[in-house]
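# My questions concern the predicted model and sequence given below.
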Amino acid sequence: MLPAGSLAAAVLATGWLLTAPAPPVPVAASGPPSPAAPGDARPTLAHSRGCRRPGVLADGVAFQPLLYGDATTAVGTAPTPAGDAVRLLLPDRCGVRHLQRVAQDRQPQFLGFAVADGVLFWTELRVSTGIGQASTEIWRVPLSGSALASLLTKDAGAAVFFESQYDLVVADGRVHWVAAAPGDALVTEVRSVPVVGGPVRVDRVTGAFALSAWPWLHSAPGVGSGPMRLRRLDTGAETVVAAPPLERVVWCRSIVSGAGAATRYDLVRPDGSDRRRIGGGTPSAVLYDVALLDRFEPVSDAAGASATTLGLRLLLSDLTDGRLVLVTETTGQVLGRDGVLWWSTGDQEALVWHSLDLRTLPR
C-alpha cells in the first residue's frame, strides 16, 4: 500500500479490504456448503486459460507483472540493463512494447492500474530531482497500436492506494481515485479527471474511505473500530454494516478470533448473510480484494507444504460449490485483479510467472 497524508496513516495498519456489492451467490436449500479438503486443481482448471511467462526478459533483467488484461497480456515494470531507469512494458508476440521510461533517480513507482475501452490508465509516483518532493501523475495509453503515453493530470492530490483493483476506477467518462484531504481531520477527497484529460474535480467526504466497484465507497480498512460504512457516490446514501464482537468483518471477509489467533475464515455478504466458510485458522488471504468475480477467493496455506521448498501452497476457493482446490504446491508472490490471478515460482534466472484467467473457468 502506498499512503499519503493523514488518511494513509490511519489505514497503514491493515491489509484487509472491501469489495463491491454484488448479486448474491445462490445457496442450496440445505445451506452453504462446507469447505472441501484441498484437492487437485486439474479437473477444475482443465478448461481454463493460463500462461507461463519467463520472469527474466531477453535483456537479462527481471520483469514484474502488475496487470493482466487476460491470461496472456501482461503489463509490468523492469529496470533497464544499466539500472539507470525503470520501464513500463507490454510484452507481446512481436517483442516488448515500451510504454513509459522514468529515470531511476526519480524513484518511480507505477500504481493503480485500470483498463477501459482498450485504454490503459495508471498512476506514477515520482520524486522531483534536487528537492526530493514526491509528485503523483495519472497517465493513459491505448493497449493496441504504437501511440505514446499521454499525461492526464499532475493534480492528483495526496493520493492513497491500497493495492486494490479499485485504486483507479474508470466510470462515467472519468478516471476516479481517492486522496487524503489536507489537515488533521479524516476527510477523503474523491478526485476525478476526464479520460482524455482536463480539469480535476474534487468531491469531499467526511471520514476515511476507499473506492470499490462504481459507484461505491467503503470505510478505509484499519480506521477505528466502529461499524463499516458503505456510501454511494451518485446519491450520497450510506449503509452501515455492524460487526459481531468477536469478528472483524471487512466486506465481505470475516475472521473469527480466539486465544489470540484466527480460528475461522469466512466470506459473508455485507448484511452478514450468505456466510461461506473458507477454512479454519490455517488458510490466509493473499489478495487485498475479496472474492474475485464474486466467486473465487485465492488463499495460501502452509499445511502440507514441503519444508525443503520456498513459499506456500496456493489454493482457490470456489464459492459456487465450496471446493478448495490446489493451484500450485509452492509460490512466491501472488497478485490478482479483474478476473485474472497470477503468481511466481522460482527466483533469479529460474523466475517464472504463471497466470490464470478465472473468467474462463466453467461454472
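Nice, thanks for sending it over.
# just so I have it, where are all the helices in this protein?
For the chain, the helices defined by DSSP state H occupy 5-11, 42-45.
# lowest-confidence stretch among those helices?
Across the helices of the chain, the stretch with the lowest average pLDDT is helix 5-11; it has a mean of 33.
# Skip the chain neighbours and tell me the closest residue to the residue positioned nearest the centre of the chain.
Centroid-nearest residue in the chain: residue 164, 3.0 Å away (criterion: C-alpha atoms, centre = their mean). In this structure, residue 164 finds its nearest non-sequential neighbour in residue 288, 5.0 Å apart by C-beta to C-beta, 6 or more residues apart in numbering. All C-beta spots, glycine's among them, are computed from the backbone N, C-alpha and C.
# which residues does residue 202 bridge with?
Using DSSP bridges, the bridge partners assigned to residue 202 are residue 191.
# mind listing what it touches?
With contact set as C-beta atoms under 8 Å, 6 or more residues apart in numbering, residue 202 has these partners: 157, 189-191.
# cool, residue 342 as well?
By C-beta under 8 Å, 6+ apart, the residues touching residue 342 are 65, 68, 74, 334-336, 353-356.
# Switch those residues over to TSV; also include neighbour count and distance to residue 269.
Conversion of those to TSV gives the following (neighbours: other C-beta atoms under 10 Å; distance: C-beta to C-beta, whole Å):
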residue	neighbour count	distance to residue 269
65	22	31
68	27	28
74	23	33
334	20	25
335	22	25
336	21	21
353	23	33
354	20	31
355	22	29
356	27	26
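# Residue 91 contacts residue 74, doesn't it?
Yes - the pair residue 91 / residue 74 is scored as a contact, 6.3 Å apart, by C-beta atoms under 8 Å.
# count of neighbours near residue 148?
For residue 148, the count of nearby residues is 9 (other C-beta atoms under 10 Å).
# do the same with residue 179
The local packing count at residue 179 equals 23, with neighbours defined by other C-beta under 10 Å.
# Out of the contacts of residue 202, which comes closest to residue 214?
Checking these against residue 214 with C-beta to C-beta, the nearest one is residue 190 at 11.2 Å.
# Next up, the contacts around that closest one.
Neighbouring residues of residue 190 by C-beta under 8 Å, 6+ apart: 176-178, 202-205, 209, 211, 217, 233.
# Only whichever of the residues you listed are buried, select them in ChimeraX.
In ChimeraX, a selection of the buried entries from those looks like this (16 or more other C-beta atoms under 10 Å):
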select :176,177,178,205,209,211,217,233
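# can you redo the contacts of residue 202 as JSON lines with distance to residue 317 and pLDDT?
Listed next are the contacts of residue 202 as JSON lines, based on distance: C-beta to C-beta, whole Å; pLDDT from 0 to 100:
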{"residue": "157", "distance to residue 317": "37", "pLDDT": "95"}
{"residue": "189", "distance to residue 317": "36", "pLDDT": "98"}
{"residue": "190", "distance to residue 317": "32", "pLDDT": "98"}
{"residue": "191", "distance to residue 317": "35", "pLDDT": "98"}
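# Would you format the residues you listed as TSV with distance to residue 148 included?
Formatted as TSV, those follow (distance: C-beta to C-beta, whole Å):
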residue	distance to residue 148
157	26
189	29
190	29
191	24
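# Report the two of the residues you listed separated the most.
Put simply, by C-beta to C-beta the two of the contacts of residue 202 set farthest apart are 157 and 190, 10.1 Å from each other.
# low-confidence ranges in the protein?
Low-confidence segments of the chain, defined by pLDDT under 70, span residues 1-48, 129-132, 221-226, 242-252, 256-263, 270-271, 279-281, 303-311.
# Next up, the contacts around the residue nearest to the centre of the chain.
The neighbours of residue 164, taking C-beta under 8 Å, 6+ apart as the test, are 17, 210-211, 288-289, 337.
# now residue 336
287, 289, 292, 298, 342.
# Just the buried residues from those, in PyMOL please.
This is the PyMOL syntax for the buried subset of the contacts of residue 336, where burial follows 16+ other C-beta under 10 Å:
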select buried, resi 287+289+292+298+342
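# So which of the contacts of residue 336 belong to strands?
298, 342 (DSSP state E).
# what's the farthest-apart pair in the contacts of residue 336?
Distance extremes for those: the farthest pair is 289 and 342 at 13.7 Å, using C-beta to C-beta.
# follow-up on the earlier one: farthest pair within the contacts of residue 164?
When those are compared pair by pair using C-beta to C-beta, the farthest-apart members prove to be 210 and 337, with a separation of 14.6 Å.
# Just give me the neighbour total for residue 54.
Every residue meeting other C-beta under 10 Å relative to residue 54 is counted, giving 15.
# ok, now which ones touch it?
Taking C-beta under 8 Å, 6+ apart as the contact definition, residue 54 lies against 63, 351-353.
# so what's it bridging to?
Residue 54 forms beta bridges with residue 352, as assigned by DSSP bridges.
# Okay, it and residue 90: tell me how far apart.
Distance, residue 54 to residue 90, by C-beta to C-beta, to the nearest Å: 16 Å.
# Do a quick rundown of the strands in the stretch 251-363 of the chain.
Secondary structure of the stretch 251-363 of the chain, counting by DSSP state E, counting those that start in this stretch: strands at 252-258, 261-268, 276-279, 284-285, 296-301, 312-318, 323-331, 334-337, 340-345, 352-357.
# Please apply the same query to the stretch 1-150 of the chain.
In the stretch 1-150 of the chain, strands defined by DSSP E, counting those that start in this stretch lie at 39-40, 49-54, 64-68, 74-79, 85-92, 95-103, 109-116, 119-127, 134-142, 150-153, listed in chain order.
# Partner strands of the fourth one, with direction?
If I follow you right, that is strand 74-79. strand 64-68 (antiparallel), strand 85-92 (antiparallel).
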